[in-house]
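show me how the following folds:
(one chain, ligands or ions: 1)
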Amino acid sequence: MYYYIKTFGCQMNENDSGLISTLLKSNGYLPCATPDAADIIIVNTCCVRQSAENRALGFIGSLKSLKEARPELIIAVCGCMSQQSDTAEILQKKYRQVGIITGTFATALLPQYIEDYATTGQRIIDIEARYDHKEIGNICPEPNEQQAYRAQVNINFGCNNFCSYCIVPYVRGRERSRDPQEIINQISCLAACGVKEVQLLGQNVNSYGKDMPEAGWDFARLLEQINQITGIERIRYMTSHPRDFNRRLAETIAALPKVCRHFHLPVQSGCDRLLTLMNRGYTTKAYLDKLAMIRQLTPDAAVTSDIIVGFPGETEEDFQQTLGFIQQARFDAVYTFIYSQRSGTKAAEMPHQISAEIKNLRLQQLMAVQNPISLARNEELVGTVQEIMVDGISKNNTVMMSGRTSGNKIVVFPKSEGLKAGDLVKISITAAGTWNLSGAISENIDS
Ligand code: SF4
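The predicted model follows:
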């Protein structure tokens with residue numbers, strides 16, 4: 001039987017879909033490229049923003065005619081959206097074409113549910129939050145077919161932080177760390193298969209190990225161990241919470257050559273009043289102190305951040321404080337998000353929700369302040385030599401190749417015969433733009 005997976009949402013969901021695919025293959029199912037060719041369609045949903053939820057529901061709705069034409073077709077909806085009981089109810093009542101509805105805790109049970117549904121034709125719904133069985137994130141990822149040199153590995157799941165705007169703790173559950181030896185074994189195995197860059201995933205990687213204090217593990221110790229794995233040349237991770245980022249971790253990263261010089265530390269707002277309302281657990285001063293520590297210990301590091309505009313009650317003065325903050329922080333890049341009201345979160349009930357018009361205006365204003373800073377930060381690299389890992393032929397220009405610096409900046413350079421994806425090469429940076437750098441080969445490290 002053939003399966004097709006449609007994924008909505010973030011990198012974590014993309015990763016989960018890869019693991020679902022691995023699981024289905026190990027159960028004898030085969031992937032196919034379109035829903036039309038599939039016997040089983042899996043929709044892996046996201047509810048972090050309304051737009052992702054709308055798109056997922058639109059896609060599920062569009063499958064109705066396929067199911068009518070082929071009643072034996074199995075349609076399963078999984079992920080964050082179906083973990084919410086009110087959405088699962090809507091799916092049950094209005095989307096009769098869906099045969100299996102599972103939440104985030106039951107994803108690894110999909111092969112069993114597919115078999116049960118194929119046998120009985122009875123609808124299966126499992127959105128119970130439970131922590132007593134193997135999770136999808138524990139499955140060993142296959143090296144990505146397009147990027148065999150790069151793999152993502154979950155290190156922890158869930159989140160305990162309850163930021164007031166965020167639905168994740170409600171749909172992904174409490175924080176739980178994976179067994180360190182299992183993580184190390186998986187990465188050693190991936191390295192033996194040719195993986196050179198590993199990206200460690202968690203809603204908050206900095207709190208790794210906090211739920212198992214007797215074991216004596218934290219994120220810094222995990223990085224030290226992974227740094228020793230032969231074949232792994234680069235280690236990345238996401239996402240970090242500024243409150244849990246500490247000196248021990250900053251010093252460990254500074255001392256480990258394989259850990260990339262890129263810190264993504266989402267601040268979310270440059271206004272203390274809003275940070276309190278967001279329940280972020282730090283002040284702008286505490287954040288700037290940590291930023292200074294990072295830049296003192298790793299002066300060559302790139303630092304990026306996330307900012308939400310239009311949080312409930314955000315006044316013009318609050319927003320101006322955020323603009324002032326990003327000018328002071330001088331991030332290499334800022335990922336900007338428009339606040340999305342998520343039912344069930346505290347912020348959804350707060351007064352003074354901001355109009356779409358003001359949110360959009362503030363987004364533009366924020367980018368107008370940040371973009372010249374990003375350009376200036378990139379221009380500081382012109383004249384330097386950067387080690388990059390090659391991604392392959394540039395998407396926009398087939399006579400060029402592209403890759404990423406340790407700081408995660410994209411570098412474009414003339415194609416060179418014999419150079420392939422995953423190779424490390426030294427590039428002399430000759431020009432900078434807001435979003436990328438360009439240069440020429442200075443030295444091929446792998447040759
Ligand atoms: S740290 Fe905050 S924003 Fe991140 S997943 Fe947890 S609750 Fe959501």
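
isn't I229 up against C189?
No. When contacts are counted by Cβ atoms under 8 Å, I229 is not listed as touching C189 (9.9 Å). Where C-beta positions appear, they are placed from N, C-alpha and C, glycine not excepted.

who's more crowded, those two?
Taking neighbours as other Cβ atoms under 10 Å, I229 and C189 compare with I229 leading, 20 against 15.

am I right that the more buried one sits in a strand?
No. Per DSSP: H, G, I helix; E, B strand; the rest coil, I229 lies outside any strand segment and is coil.

how about the contacts made by it?
Taking Cβ atoms under 8 Å, 6 or more residues apart in numbering as the criterion, I229 is in contact with 184, 187-188, 191.

the lengthiest helix in the chain - contacts with which helices or strands?
In the chain, taking DSSP state H as the definition, the longest helix is helix 356-379. Using 3 or more Cβ pairs under 8 Å, 6 or more residues apart in numbering; DSSP states H and E, the elements in contact with helix 356-379 are strand 302-309, helix 316-329, strand 333-338, strand 424-432.

just the angle between that helix and helix 316-329, please?
Put simply, helix 356-379 runs at 10 degrees to helix 316-329, going by axes from the mean of the first three to the mean of the last three Cα atoms, to 10 degrees.

centre of the chain to helix 356-379, how far?
Taking the mean of its C-alpha atoms, helix 356-379 sits 22 Å from the chain's own mean (Cα atoms, centre = their mean, to the nearest Å).

just the buried residues of that helix, please?
359, 362-363, 366, 370, 373-374, 377-378 (16 or more other Cβ atoms under 10 Å).

related to what we said a few turns ago, the contacts of I229: which two are farthest apart?
I184 and A191 (10.5 Å; Cβ to Cβ).

measure stretch 195-212 end to end?
Start-to-end span of stretch 195-212 (Cα to Cα, to the nearest Å) is 29 Å.

any idea which of the helices and strands packed on helix 356-379 gets closest to the ligand?
When these are compared for distance to the ligand using Cβ to the nearest ligand atom, the nearest one is strand 302-309, at 8.7 Å.

then the closest one to PDB, C-alphas only?
Below are the C-alpha coordinates for strand 302-309, written out as PDB (Å, rounded to 0.1, in the frame of the first residue of the first chain):
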ATOM      1  CA  ALA A 302      25.800  35.100  14.900                       C
ATOM      2  CA  VAL A 303      22.800  35.800  17.200                       C
ATOM      3  CA  THR A 304      19.300  35.700  15.800                       C
ATOM      4  CA  SER A 305      15.900  36.200  17.600                       C
ATOM      5  CA  ASP A 306      12.100  36.000  17.300                       C
ATOM      6  CA  ILE A 307       9.800  38.900  17.900                       C
ATOM      7  CA  ILE A 308       6.000  38.900  18.100                       C
ATOM      8  CA  VAL A 309       4.200  42.100  17.100                       C
END
